[in-house]
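Peer 1: Quick one: sequence and predicted model below, then my questions.
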Amino acid sequence: MSLELFHEEFLRWLQEDIPYWDVTTRSVVPEGLEARARIVCKSDWCIAACVEEVSYSLSRLGLRVERRAEDGSRLERGDELLVYRGDARLILETERVVLNTLIYASSIATYTRMMVEKATRVNPRVTVAATRKTVPGFRYCSKRAVEAGGGDTHRLSLSDAVLVKDNHVAVLGSVGLAVRRAVSAKSFIHRVEVEVHNVREAVEAVEAGADAILIDNQPPESVAEILRVLEKRGLRDRVIVEVSGGIDESNIEEYARLPIDVISVGRLTMPPVRVDLSLVVEPLGTSR
């Protein structure tokens, strides 16, 4: 998504918050006043995300913006993400949308960074990835935030890759049949991945031609057994092995110690950790 397309989304969010006009700001703040605004980190630390996009939109609305942090940078309490100035009414009217966007994106980036550091501390080769569990209308920022935190975006949409899940298999009744159909129909540019839950399904998927398997909602010991059997049968090197389901900060290291390739975590984009940002507004007087 280009910055201009993001700006179109930003305008829609503003329209949701201000369908007509801001009755409070129009009543209290005289026309023609200028102000300066600072977005400040109030958490002990956070990872900045979507600063570039928000900066662009504020600039397009006519405010003079200075970025104090780049996406992916670590901020401490009191550090500034953005400083901008201009029409005081406009600054106040856009406050909530600006903060909501930056808080949500930076929360995702912060939690992602924490999870990446935990996993790579015990397995430097493992990739920590997101999922499609994103708030509708906010996927772009969610995935950009995962990227800022050092994680992998995984599929951006259903159009990106073939991922045969349990409900696809339930309709057909066979992992192998589902994989063979996917392999025969896919574009040359797509990989085929299939969700599996036990040794039988994993072996069937690889032998049917899957490029990757997603071991879903299984404890580390079950994942280890699947890996052992694939290795014994000479199948392990033929596939990417991803694990997912119920993984969070309390157990990611257990999974990372296994010889797997990818750990995908739905909570990256629905983070339990919320960073705290605030908007500090300072009057500058009447505009010229």
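Peer 2: On my side now, so go ahead.
Peer 1: So which bits of the lowest-mean-pLDDT helix or strand in the chain are buried?
Peer 2: Across the helices and strands of the chain, mean confidence by mean pLDDT, DSSP states H and E is lowest for strand 277-286: a mean of 87. Buried positions in strand 277-286, judged by neighbour count with 16 or more other Cβ atoms under 10 Å: 277, 279. To be clear about C-beta, it is placed using only N, CA and C from the backbone, and glycine gets the same treatment.
Peer 1: which neighbours does that strand have in its sheet, and in what orientation?
Peer 2: The pairing partners recorded for strand 277-286 under DSSP bridges are strand 33-41 (antiparallel).
Peer 1: Just the CA coordinates for the partner strand, please, in CSV.
Peer 2: What follows is strand 33-41, C-alpha atoms only, in CSV (Å, rounded to 0.1, in the frame of the first residue of the first chain):
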residue,chain,number,x,y,z
LEU,A,33,-5.0,29.5,16.7
GLU,A,34,-1.8,27.5,16.2
ALA,A,35,-0.5,24.8,18.4
ARG,A,36,2.4,22.3,18.7
ALA,A,37,1.8,18.6,19.4
ARG,A,38,4.2,16.0,20.7
ILE,A,39,3.5,12.2,20.7
VAL,A,40,5.4,10.9,23.7
CYS,A,41,6.1,7.3,24.9
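Peer 1: Tell me which helix or strand comes right after that strand.
Peer 2: Later in the chain than strand 33-41, the nearest helix or strand by DSSP states H and E is strand 45-47.
Peer 1: So which bits of that following strand are buried?
Peer 2: So strand 45-47, judged by 16+ other Cβ under 10 Å, has buried residues 46-47.
Peer 1: the strands in the chain, which residues?
Peer 2: All strands of the chain, identified by DSSP state E, fall at 33-41, 45-47, 64-67, 74-76, 80-87, 127-129, 162-164, 192-196, 212-216, 240-244, 262-264, 277-286.
Peer 1: Quick one: distance of the first one to the chain centre.
Peer 2: So the one you mean is strand 33-41. The chain centre lies 27 Å from the centre of strand 33-41; the measure is Cα atoms, centre = their mean, to the nearest Å.
Peer 1: just the fifth one next, same as before
Peer 2: With Cα atoms, centre = their mean as the basis, the distance from the averaged C-alpha position of strand 80-87 to the chain average is 25 Å.
Peer 1: Within its sheet, name the partner strands of it and how each one runs.
Peer 2: Strand 80-87 is paired, per DSSP bridges, with strand 33-41 (antiparallel), strand 64-67 (antiparallel).
Peer 1: what does the fourth one give?
Peer 2: Each strand that strand 74-76 pairs with, and the sense of that pairing, follows from DSSP bridges: strand 45-47 (antiparallel).
Peer 1: Off-centre distance for the partner strand?
Peer 2: 15 Å.
Peer 1: any idea of the mean pLDDT in that strand?
Peer 2: Taken as a whole, strand 45-47 carries a mean pLDDT of 97.
Peer 1: so how far is the first residue of stretch 210-224 from its last?
Peer 2: 19 Å (Cα to Cα, to the nearest Å).
Peer 1: correction: stretch 11-24
Peer 2: First-to-last residue span, stretch 11-24, Cα to Cα: 20 Å.
Peer 1: And stretch 147-158, by the same measure?
Peer 2: With Cα to Cα as the measure, stretch 147-158 spans 19 Å from end to end.
Peer 1: One more: stretch 169-176?
Peer 2: End-to-end distance for stretch 169-176, by Cα to Cα: 9 Å.
Peer 1: Begin at 14 from now on, thanks
Peer 2: With the count now opening at 14, the last piece we talked about shows up as stretch 182-189.
Peer 1: Flag every buried residue along that stretch.
Peer 2: Within stretch 182-189, the residues that count as buried by 16+ other Cβ under 10 Å are 182, 188-189.
Peer 1: Let's see which of those end up in helices.
Peer 2: 182, 188-189 (DSSP state H).
Peer 1: Find the nearest non-adjacent residue to V177, please.
Peer 2: V207 (4.2 Å; Cβ to Cβ, 6 or more residues apart in numbering).
Peer 1: unless I'm mixing things up, that neighbour is touching D224, no?
Peer 2: No - look at V207 against D224 with Cβ atoms under 8 Å: they stay out of range, at 9.2 Å.
Peer 1: All set, thanks.
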